[in-house]
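Q: Build me a model from this:
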Amino acid sequence: MDWSVATWWWVICGGLVAAELASGTTFYLLMLALGAAAAALMAHVGGPFWLQLVVAAAVGGGAVTWWHLRLRRHPRAPAGENPNVNLDIGQSLDVALWRADGTAEVRYRGAAWQARFVGAGAPHSGRHVIRAVEGSCLLVDAA
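A: Residues are numbered from 1 along each chain as shown. Model (predicted):
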């Protein structure tokens, strides 16, 4: 079986995607896979190999640079405060009674949880919103 250069670029692209899925830590390998896909498209239209390499480097390197700069400008919140990671953040619950130390026991999702008030002022009974989760403690603020 004789593979074309475009096929090799697609194999490289697939390998980079598979490596990203196996590691699951960053999007940098996916950005490099974009470069390999762009090079494969350049090979399909008949571009010379040196141009395929330039396209792969430009698209992949440009995407990696863009992603890196994006993460520096918009840092990710820690998992305990990130609503994209923890779906409890932003949900509301009712607090009936606060202890003197600013903690309470609440019912949330059918279970008993510890809650700690992190808002401004003194805690009061009523509706609260979950702002973060630390272990099994919900950090709440007044709604």
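
Q: I'd like to know how many residues surround residue 109.
A: 8 (other CB atoms under 10 Å). Where you see a C-beta, it was placed from the backbone N, CA and C, and this is true even at glycine.

Q: Once you drop chain neighbours, what's closest to it?
A: Spatially, and ignoring its direct neighbours in sequence, residue 109 is nearest to residue 88 (7.9 Å; CB to CB, 6 or more residues apart in numbering).

Q: ok, now how distant is the one you found from residue 97?
A: Per CB to CB, to the nearest Å, residue 88 is found 21 Å from residue 97.

Q: ok, these two, which is more surrounded?
A: Legend: neighbour count by other CB under 10 Å for residue 88 and residue 97, higher for residue 88 (15 against 9).

Q: got the residue ranges for the strands in the protein?
A: For the chain, the strands defined by DSSP state E cover 92-95, 103-108, 111-117, 126-134, 137-142.

Q: Going by neighbour count, list what's buried in the longest one.
A: Of the residues in strand 126-134, those scored as buried under the neighbour-count criterion (16 or more other CB atoms under 10 Å) are 128, 130-133.

Q: Could you do the second one as well?
A: Neighbour-count burial for strand 103-108 flags 104, 106, 108 (criterion: 16+ other CB under 10 Å).
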